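Engineer: what shape does this take:
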Amino acid sequence: MNFSLYIAKRYVWPKKGAQSIHWIAYISCFAIGIASALLFIVLSAFEGLTSLHLKHTSIADPELKILPQTGKFFDWSPSLETCLAPFSKDLNFSKVVESQVLLSFKNKKHTCFLKGVDAYYSKVIATDSLVQYGDWDLDPKQHLVVVGNGIANTLGLGINSFQNPLRLFMPRAGKGVITDPSKAFRKASCYVSGIYRLTNDLDQKYVFSDLSIAQSLLGHQKLSSIDIKITNSHLDPKKIKQELIVHLSKSHPNLFRVKSREELNDHLYKMLNIERLGAFALITLVIIIALFNFVGAMAMIISDKKEHLQTLYNMGAPLHSLRYIFLFLGVIMVSVSAFIGVLLGWLLVALHQEFTLLEIAVNIPYPTEIELLNLGLVLITVISLGAMACLVSSFSVSKGLLEEL
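Structural biologist: Numbers count the residues shown, from 1 in each chain. Purely as a prediction, here's the structure:
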C-alpha cells in the first residue's frame, strides 16, 4: 500500500509538467472545491438563521420552561418551591402567567396575549436590551406595562401617556348565559412604560405586565409556567432538564413537563431543518455531477498511464496495488479540493461577518455562524463521495487493459 501511495503522489502533479489530461482533472477538482465552499456557506447561513430566530424568541421563550402536564394553569405550592430549591444556585426562576386579552385604546382594539411576570423575570430574560423605546418598568402600583412595537403601531400607543390609559379586557370564566354584558369581562387600565421590538409576529403578540395584574384579571393566583435561566455556563442544559424532570416526577408525579427553547419552537426548527436538508441535497447533487466529470478525467489518466502500469505489472506489482494507485490519487485530489473549498467558504463567511457582504434589509447583515460541525460534515460528505467515485474509477485498471499493450 505504501508503494501505491508513493506512485499516486507522483501522479498528482507530474514533474515534467501537467499534461492536458491532468488539467481536465484539475478543472473537475476546481468545481468540487467551489461546490464544497458553497455547501459550507449555505450551512453557515442556516446556522445563522437558527441563532437569529433563537435570539428573537428569547423574550417569549427562556432556556427552560416548566409547564403543566395538562391544562393551562397550575398552583404554586410550598412543595414545588422545596423541589426547585436545590437548583437555586445554578438557575434563576421566574413565575409567569399567560392568557389572551383584548386591548382597547381610543376606540381601537387588538387581541393579543397578556404575559404577567414577577420581579425575577429580568434575571431570566435580558429585558433591558429588548426595549427599543422607554424602559422595562412593570410597577404594579402605577399599572405599567410593556408592549410590542406592532401593538403600539396598531393602537397608536406612546410611552408615559398617563392621560389616555390602555384598557385590558379578559373574559370571566364560568358557565351559563351572560345576562349582564358589563360583568362578562374583568378590566384593568394600564399605561405603557416601554415598547420592545423583535419580529413582526412577536411585536403583535405580547403585552407584559406585573404578575399581580395578570392574576387579578384572570381571577386566580395560578401560574402558566416557571421560566428558567441557567446561570452556570459550565452546566449542560440537556442534563439540567433531565434532572428537573426527575425531581418534579418524584414530588409531583404526572403534573409537570420541562421544555427547552428549541422544543418550544419545534415547528420553526422543523421548517429550518427541512430547508437545510433541501439545500444540502441540492448542493450535494452539484458535487456528484462534478465527481462524474472527475471520474471521466480519472479514466483518461488511467488510459494515459497504461505503459507505466504495464511496466509495474511486469515487475511484479499485483493488480490490486495498481488499482490502489488511482484510488489514492483520486482521494488525494478530492481531499485537497474539499479542504481548499471549505477554507475558501470559511474565509468568505468571516469576511461577511466583518464587512457585511450581503444584507437582508437596510443595515441588517445576513446572519451567518461558523460551526466546526458543519466544517466536518462538508469534508466527510465530499471526501466520502469522492472516495466512492475513485473506487469505481480504479476498477478500470484490469488485466484486459494491461494485456492490450
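
Engineer: Provide a list of residues in contact with Gln100.
Structural biologist: When the contact criterion is CB atoms under 8 Å, 6 or more residues apart in numbering, the partners of Gln100 are 111-114, 170. Placement of C-beta: from N, CA and C, glycine included.

Engineer: cool, and Asp139?
Structural biologist: Neighbours of Asp139 in contact, by CB under 8 Å, 6+ apart: 193, 210.

Engineer: for the contacts of Gln100, pick the one with the most neighbours.
Structural biologist: Compared across these, Leu114 has the highest neighbour count, 24 neighbours, by other CB atoms under 10 Å.

Engineer: the helix or strand containing it pairs with which strands?
Structural biologist: Using DSSP states H and E, Leu114 maps to strand 108-117. Each strand that strand 108-117 pairs with, and the sense of that pairing, follows from DSSP bridges: strand 91-105 (antiparallel), strand 206-210 (parallel).

Engineer: show the subsequent helix or strand relative to it.
Structural biologist: In the C-terminal direction, the helix or strand that comes right after strand 108-117 (DSSP H and E) is helix 121-124.

Engineer: check which residues of the helix or strand encompassing Leu347 are buried.
Structural biologist: Taking DSSP H and E as the definition, Leu347 sits inside helix 319-355. Residues of helix 319-355 classed as buried by neighbour count (16 or more other CB atoms under 10 Å): 321-335, 337-342, 344-346, 348-349, 352-353.

Engineer: which non-adjacent residue is nearest the residue nearest the centre of the chain?
Structural biologist: Closest residue to the average C-alpha location of the chain: Thr50 at 2.7 Å, with CA atoms, centre = their mean. Ranked by CB to CB, 6 or more residues apart in numbering and with sequence neighbours excluded, the top spatial neighbour of Thr50 is Leu272, at 5.7 Å.

Engineer: residues contacting the one you found?
Structural biologist: Applying CB under 8 Å, 6+ apart, we find Leu272 in contact with 46, 49-50, 53.

Engineer: mind listing what the spatially closest residue to Asp75 that is not a sequence neighbour touches?
Structural biologist: Nearest residue to Asp75 in three dimensions, chain neighbours excluded: Lys222, at 5.8 Å (CB to CB, 6+ apart). Lys222 is in contact with 73-76, 97, 215, counting by CB under 8 Å, 6+ apart.

Engineer: any of these buried? List them.
Structural biologist: Among the contacts of Lys222, those buried by neighbour count (16+ other CB under 10 Å) are 74, 97, 215.

Engineer: nearest to Leu5 among these?
Structural biologist: When the buried ones among the contacts of Lys222 are compared for distance to Leu5 (CB to CB), Phe74 comes out closest, at 66.0 Å.

Engineer: got phi/psi on the closest one?
Structural biologist: For Phe74, the backbone dihedrals are phi -150, psi 160 (criterion: degrees, to the nearest 10).

Engineer: residues in contact with it?
Structural biologist: 68, 222-223, 255-256.

Engineer: how much space between it and Asp203?
Structural biologist: Distance of Phe74 to Asp203, given as CB to CB, to the nearest Å: 29 Å.

Engineer: surely Ala25 meets Leu291?
Structural biologist: No. No contact is recorded between Ala25 and Leu291 when judged using CB atoms under 8 Å, the distance being 11.5 Å.

Engineer: and Phe113, bridged to which residues?
Structural biologist: Here Phe113 shows beta-bridge partners Gln100, Tyr206, assigned using DSSP bridges.

Engineer: contact partners for it?
Structural biologist: So, once contact is read as CB under 8 Å, 6+ apart, Phe113 ends up touching 98-101, 205-207.

Engineer: in this structure, where is pLDDT below threshold?
Structural biologist: For the chain, the stretches flagged by pLDDT under 70 are 1, 15-19, 58-59, 174-182, 401, 403-405.

Engineer: who touches stretch 256-270?
Structural biologist: The set of residues that contact stretch 256-270 without belonging to it, under CB under 8 Å, 6+ apart, is 50, 53-54, 57-58, 61-69, 74, 237-238, 241, 244-245, 248-249.

Engineer: name the residues of the longest helix anywhere in the chain that are buried.
Structural biologist: Counting residues, the longest helix found in the chain (DSSP state H) is helix 266-304. For helix 266-304, the buried set under the neighbour-count rule, 16+ other CB under 10 Å, comprises 269, 272, 276, 279-280, 283-284, 286-287, 290-291, 293-295, 297-298, 300-302.

Engineer: hang on, Gly194 in a strand?
Structural biologist: Yes. Assessed with DSSP: H, G, I helix; E, B strand; the rest coil, Gly194 lies in a strand.

Engineer: you'd agree it is up against Leu130?
Structural biologist: No. Under the criterion of CB under 8 Å, Gly194 makes no contact with Leu130, lying 9.0 Å away.

Engineer: higher neighbour count, the two?
Structural biologist: Using other CB under 10 Å, the more surrounded residue of Gly194 and Leu130 is Gly194, with 23 against 19.

Engineer: need the contact list for the more buried one.
Structural biologist: Residues in contact with Gly194, defined by CB under 8 Å, 6+ apart, are 131, 133-137, 146-147, 159.

Engineer: got the domain ranges for the protein?
Structural biologist: Domain ranges of the chain: 2-56+268-403, 64-260, per automatic domain parsing.

Engineer: what separation is there between the closest residue to Leu329 other than its chain neighbours and Arg323?
Structural biologist: Using CB to CB, 6+ apart and skipping the chain neighbours, the partner closest in space to Leu329 is Ala8 (4.1 Å). As defined by CB to CB, Ala8 lies at a distance of 11 Å from Arg323.
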